[in-house]
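I'd like to go over a predicted model; first the sequence, then the structure.
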Amino acid sequence: MIEVKPIAGGNGIGCEVHGLTPADISDPAVRAMLMDTWIEHGVIVFRNVEGGEFQVALSKCFGEVQPHPYAAENPDNPISEIVQISYDPDNADIYEVDGQVLGGWLPWHQDLIYLDKVSRGSILRPVVLPYAGGKTGFVDKIKLYEKLSPAMQQRIEGLSVVYHFDMDVTKMRFGRPESLKVLKLSKLYAKLVSQAAQYPLVRHPLVYRQRETGRPVLNMSPYFAQYIPGLSAEESDEILTEVGSLCLQPENQYFHDWQENDMVLWDNWRMLHAAGGVPVDASRTMDRTQIMGDYGLGQLESTDQNVSDEMRITV
């Protein structure tokens, strides 16, 4: 029997689904229920479920699965739709975040917000769990909008935010920790940092309405945000600082503490996510599927630059 219930300690974000089996998702009624649940909650934690082909099949309940650009780096992975994302202590990204040294940490962000087309969502499943840490954080941007004062809601209506792909976290200006240092970068992330100049600027609306429900979404990703066009630098910074700070408030966050046989699905159009990091000597491997889609509201600021498939990196 399939059971849907709130996430304990989730600050009202997302829900848990128990009892789902591979046979269930062949039922159109179950697939429709899962989609409705996703639209309502934005994050679904599936407990005690199989991985591998079931992860791919479950992902297809929510849209077409898009092979990840990093799949070529996993030549031994027998399932092409799954990419393995690993933290390897021997080739690691290491940061000092508010005085704590962490490996594999990532700030609050929305995947592909630095492109004009934004993926629909993703599913993560643990393969190797670290001995400590390794949590994945989520913030619901529908709930963030509700936290704004009516005056701020009115002030930001119709505004956009310009984004630029720059993996150098020290250049973040909004929604960042109080202190942040890069201690070491893996070869991959060092390469990504060096590619910033190849990417055009893009803009996305600061507020949009969820198409199925009409609920407003505070559509701001602290990582990669640059400025609000049409405003002075002072006013732009004031607004982005205020809305970006909301994701740093613990009461607006849910950090998922992974268990074996979990899978977590999130709506990338609606949710911010972050990697909480691990001890630098730990190991962590996750299987990830990516669900295609585009909400159709992004716009390239410069049309004389082409974004190749290889540049469409999911971060």
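Okay, I see it.

Can you point out the buried residues in stretch 278-295?
Neighbour counts over stretch 278-295 (16 or more other C-beta atoms under 10 Å) mark 278-280, 282-284, 286-291, 293, 295 as buried. Bear in mind the C-beta positions are built from the backbone N, C-alpha and C, glycine included.

okay, how far is it across it, tip to tip?
Terminal residues of stretch 278-295 lie 33 Å apart, using C-alpha to C-alpha, to the nearest Å.

for the record, mean pLDDT for it?
Mean per-residue pLDDT for stretch 278-295: 95.

Check stretch 83-102 too.
Per-region confidence: stretch 83-102 scores 94 on mean pLDDT.

what does stretch 246-253 give?
Mean predicted lDDT for stretch 246-253 stands at 96.

what's in contact with it?
Here stretch 246-253 makes contact (C-beta atoms under 8 Å, 6 or more residues apart in numbering) with 11, 13, 108, 137-140, 143-144, 147, 175, 177, 218, 222, 272.

Give the PyMOL command for selecting the buried subset of those.
Of the contacts of stretch 246-253, the buried ones go into a single PyMOL selection, burial set by 16+ other C-beta under 10 Å:
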select buried, resi 11+13+108+137+138+139+140+143+144+175+177+218+222+272
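
Which of the contacts of stretch 246-253 fall within helices?
Counting by DSSP state H, the part of the contacts of stretch 246-253 found in helices is 143-144, 147.

For the residues you listed, give me TSV that also has pLDDT and distance to Gln84.
As requested, the ones in helices among the contacts of stretch 246-253 are exported to TSV (pLDDT from 0 to 100; distance: C-beta to C-beta, whole Å):
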residue	pLDDT	distance to Gln84
Lys143	97	31
Leu144	97	31
Lys147	96	36
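
Tell me the one of those residues nearest Leu192?
Set against Leu192, the nearest of the ones in helices among the contacts of stretch 246-253 by C-beta to C-beta is Leu144 (27.2 Å).

and the gap between that closest one and Asp168?
From Leu144 across to Asp168, the span is 25 Å (C-beta to C-beta, to the nearest Å).

quick revisit: farthest-separated two in the contacts of stretch 246-253?
The most widely separated members of the contacts of stretch 246-253, counting by C-beta to C-beta, are Lys143 and Pro177 (21.4 Å).

Using the three-state scheme, assign Leu192.
helix (DSSP: H, G, I helix; E, B strand; the rest coil).

hang on, isn't it packed against Met167?
Yes - in this structure, Leu192 is within contact of Met167 by C-beta atoms under 8 Å, at 4.4 Å.

From the buried residues of stretch 278-295, which land in strands?
Within those, residues falling in strands by DSSP state E are 284, 286-291.

and which of the residues you listed is nearest Leu34?
Within these, proximity to Leu34 (C-beta to C-beta) peaks at Ile291, which comes in at 12.5 Å.

the bottom helix or strand of this protein by mean pLDDT?
Across the helices and strands of the chain, mean confidence by mean pLDDT, DSSP states H and E is lowest for helix 187-194: a mean of 88.

which helices and strands does whichever helix or strand comes after it pack with?
Using DSSP states H and E, the helix or strand that follows helix 187-194 in sequence is strand 202-205. When contacts are defined as 3 or more C-beta pairs under 8 Å, 6 or more residues apart in numbering; DSSP states H and E, strand 202-205 sits against strand 160-163, strand 299-300.

Sketch out the strands for the stretch 201-315 of the chain, chain order is fine.
In the stretch 201-315 of the chain, the segments counted as strands under DSSP state E, counting those that start in this stretch are 202-205, 207-209, 216-218, 225-227, 254-256, 263-267, 271-275, 284-291, 299-300.

Point out the one among those that comes closest to Asn48.
strand 263-267 (9.8 Å).

before we move on, back to that, would JSON lines of the ones in helices among the contacts of stretch 246-253 with distance to Lys117 be doable?
JSON lines is the format used below for these (distance: C-beta to C-beta, whole Å):
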{"residue": "Lys143", "distance to Lys117": "25"}
{"residue": "Leu144", "distance to Lys117": "23"}
{"residue": "Lys147", "distance to Lys117": "28"}
